[in-house]
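Visitor: sequence and predicted structure below; questions after.
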Amino acid sequence: NAGVTQTPKFQVLKTGQSMTLQCAQDMNHEYMSWYRQDPGMGLRLIHYSVGAGITDQGEVPNGYNVSRSTTEDFPLRLLSAAPSQTSVYFCASSSTGGNLNEQFFGPGTRLTVL
Amino acid sequence: AQSVAQPEDQVNVAEGNPLTVKCTYSVSGNPYLFWYVQYPNRGLQFLLKYITGDNLVKGSYGFEAEFNKSQTSFHLKKPSALVSDSALYFCAVRDKGKGGKLIFGQGTELSVKP
């Protein structure tokens, strides 16, 4: 199993540009989520999904969209990039069980918005 | 609201000495607590979790954590630190609300010197 994969690893955008961060998992996990990691702030949840066709907002959803058309994929879209979205983005997945099971994290995407 | 706090930004330990990384929580009812580790330029990896039962939880790489309900703490411990344990450690609590998302502390940088 490849686990959780994320592309790209690095990305530089100009303010106002849009892009999609890709996330895929091959473990048939129902639960998937996106976090951003900023120094001194831990990980903050952006959006999450409890299954295909179901998504919900996390702690910091503004400026981001998600969709979950398949169990495997959970892309994160930046609609109009802003410097405040410079961060490291992590995708994670876990099996059901009320999220009592461990989350598996991807390697991250380091995004810089100029 | 559920939350966790990691009071130390950095912990320095000599190799071979015991280590403790502190975490306190604020949760209504019984908490579901987790520890994750992040090595440089990597995603987070699950170490251990407390759901119910024995207050001493054993996890990966020789780590263990002690759940203390009276002190609302879930400190991570290891009897003998290794240089390879140097990493960023995150405590997390499962949110009791919709979706059961994880709420992370801000992280503690552990540095183990030879």
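Guide: Great, that's in hand.

Visitor: can we go C-alpha only for contacts and neighbour counts from here?
Guide: Noted.

Visitor: for the one residue in chain A that gets nearest to chain B, what are its contacts?
Guide: As assessed by C-alpha to the nearest C-alpha, chain B sits closest to A:Gly42 within chain A, at 3.7 Å. Contacts for A:Gly42 were tallied using C-alpha atoms under 8 Å, 6 or more residues apart in numbering or on different chains; they are B:Phe90, B:Phe104, B:Gly105, B:Gln106, B:Gly107.

Visitor: so for it, what's the pLDDT?
Guide: With respect to pLDDT, A:Gly42 has a value of 85.

Visitor: returning to that earlier point: export the contacts of A:Gly42 to CSV and tack on neighbour count?
Guide: Below are the contacts of A:Gly42 laid out as CSV (neighbours: other C-alpha atoms under 10 Å in any protein chain shown):
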residue, neighbour count
B:Phe90, 29
B:Phe104, 24
B:Gly105, 25
B:Gln106, 25
B:Gly107, 28
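
Visitor: show the pLDDT at A:Gly97.
Guide: 59.

Visitor: restrict the contacts of A:Gly42 to contacts with chain A.
Guide: B:Phe90, B:Phe104, B:Gly105, B:Gln106, B:Gly107 (C-alpha under 8 Å from any C-alpha of the partner chain).

Visitor: right, and B:Leu110 touches B:Val11 too?
Guide: Yes. Using C-alpha atoms under 8 Å, B:Leu110 is in contact with B:Val11, at 4.9 Å.

Visitor: name the residue in those two with the higher neighbour count.
Guide: B:Leu110 (22 against 16; other C-alpha atoms under 10 Å in any protein chain shown).

Visitor: okay, now the unreliable bits of chain B?
Guide: B:97-100 (pLDDT under 70).

Visitor: what about the strands in it?
Guide: B:3-5, B:10-14, B:19-21, B:24-26, B:33-38, B:44-50, B:56-58, B:64-68, B:73-78, B:87-94, B:102-104, B:108-113 (DSSP state E).

Visitor: contacts for the second one?
Guide: By that I understand strand B:10-14. B:Leu19, B:Val21, B:Ala81, B:Thr108, B:Glu109, B:Leu110, B:Ser111, B:Val112, B:Lys113, B:Pro114.

Visitor: you'd agree the third one is up against B:Leu110?
Guide: Same thing as B:Ala81. No. Using C-alpha under 8 Å, B:Ala81 is not in contact with B:Leu110; the gap is 10.1 Å.
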